[in-house]
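Chemist: structure, please.
(chains A, B, C and D)
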Protein chains: 2
Amino acid sequence: MVSKKVRGSTTGRPIMALLDLLGRRWVLRIVWELREKPRRFRELQELIGGASPTIVNTRLRELREACLIEIDPEAGYRLTALGQELLKLFLPLHLWSEKWAKAVRES
Amino acid sequence: MVSKKVRGSTTGRPIMALLDLLGRRWVLRIVWELREKPRRFRELQELIGGASPTIVNTRLRELREACLIEIDPEAGYRLTALGQELLKLFLPLHLWSEKWAKAVRES
DNA sequence: TCCTGTTACTACATTTTATGTAGCGCCGTG
DNA sequence: CACGGCGCTACATAAAATGTAGTAACAGGA
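Modeler: Here you go, the predicted structure:
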């Protein structure tokens, strides 16, 4: 039973489960920080701004259960093929976020 | 001062502020549920699965401050032009989530 | 062998955030 | 003027995240 019941997603619709997973604190950030190369636990923790090890570990576990990241004992945590696909969908956010920040600042 | 200090995003980099905002509980879900048409407060609350009015209101305020949604007194809450752009970036997620769910199930 | 450092975590008390339920004030209809 | 729908707000309880400390495994050096 890999697709364990995720918080509030009782519909069974994948998009809801995904939005729920990605909407948890630090999850988007973790995936983002793994975009370049694998990272070790502590390195990752510092990159995302010093979240507690408790929650970092919890999220890493959830992401592993979701097949988005995996552990390479040689290199640390890295995105799976699936995780990389997801990241690709998110890359345009980087560019868009600049535009957004500008618009918000001017409002 | 619109770009108020968001949780943990001290870098000033827009992408970090954006990931932080979108990583808050219910935010992705709210944007998603506004994809088709404007929704009223209570309607939205039920669509996303019955989050408390307290938090729904908090998130709606944050999203308004981020210029992603706005209120139309006639119709309720709706995405701004900026919000719709963001949503467009997320639409591929819908299709991808099906593939992801399948892969996770088989793992 | 013992010391030191690095790794990935876990424990737990405190603080922050979300929930659940109730209810308020405003408006339009009958 | 009662009624229902609207967008909230109040507040006590419950859940989640933080901060700090510490554990256990492994590696290299004296």
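Chemist: may I have the phi/psi pair for residue A:26?
Modeler: For residue A:26, the backbone dihedrals (degrees, to the nearest 10) come out as phi 80, psi -10.
Chemist: the closest residue to residue A:86 other than its chain neighbours: neighbouring residues, count only.
Modeler: Closest residue in space to residue A:86, ignoring its immediate chain neighbours: residue A:68 at 6.3 Å, by Cβ to Cβ, 6 or more residues apart in numbering or on different chains. From N, CA and C alone the C-beta is placed, and that goes for glycine too. By other Cβ atoms under 10 Å in any protein chain shown, 27 other residues sit near residue A:68.
Chemist: confidence score at residue A:68?
Modeler: pLDDT for residue A:68: 98.
Chemist: ditto for residue A:1
Modeler: 34.
Chemist: kindly report the same for the one 10 residues further on.
Modeler: For residue A:11, the model assigns a pLDDT of 68.
Chemist: buried residues, stretch A:67-84. List them.
Modeler: By neighbour count on 16 or more other Cβ atoms under 10 Å in any protein chain shown, the buried set for stretch A:67-84 is A:67-69, A:76-77, A:79-80, A:82-83.
Chemist: how about JSON lines for those residues, with secondary structure added?
Modeler: JSON lines is the format used below for the buried residues of stretch A:67-84 (DSSP: H, G, I helix; E, B strand; the rest coil):
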{"residue": "A:67", "secondary structure": "coil"}
{"residue": "A:68", "secondary structure": "coil"}
{"residue": "A:69", "secondary structure": "strand"}
{"residue": "A:76", "secondary structure": "strand"}
{"residue": "A:77", "secondary structure": "strand"}
{"residue": "A:79", "secondary structure": "strand"}
{"residue": "A:80", "secondary structure": "coil"}
{"residue": "A:82", "secondary structure": "helix"}
{"residue": "A:83", "secondary structure": "helix"}
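Chemist: will you turn those into JSON lines that also has distance to DNA strand C?
Modeler: Formatted as JSON lines, these follow (distance: Cβ to the nearest atom of the strand, whole Å):
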{"residue": "A:67", "distance to DNA strand C": "16"}
{"residue": "A:68", "distance to DNA strand C": "15"}
{"residue": "A:69", "distance to DNA strand C": "10"}
{"residue": "A:76", "distance to DNA strand C": "5"}
{"residue": "A:77", "distance to DNA strand C": "7"}
{"residue": "A:79", "distance to DNA strand C": "15"}
{"residue": "A:80", "distance to DNA strand C": "15"}
{"residue": "A:82", "distance to DNA strand C": "19"}
{"residue": "A:83", "distance to DNA strand C": "16"}
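Chemist: which of the residues you listed sits closest to residue B:100?
Modeler: residue A:82 (6.1 Å; Cβ to Cβ).
Chemist: is DNA strand D contacted by stretch A:40-52?
Modeler: Yes: using Cβ under 7 Å from any atom of the strand, stretch A:40-52 reaches DNA strand D at A:50-52.
Chemist: check the average confidence over stretch A:41-53, would you?
Modeler: On average, stretch A:41-53 scores 94.
Chemist: same deal with stretch A:18-27?
Modeler: 96.
Chemist: what's it in contact with?
Modeler: Identification of contacts with stretch A:18-27 by Cβ atoms under 8 Å, 6 or more residues apart in numbering or on different chains yields A:6-9, A:28, A:48, A:51, A:55-56, A:59, A:62-63, A:66, B:22-29, B:32, B:93, B:97, B:100-101.
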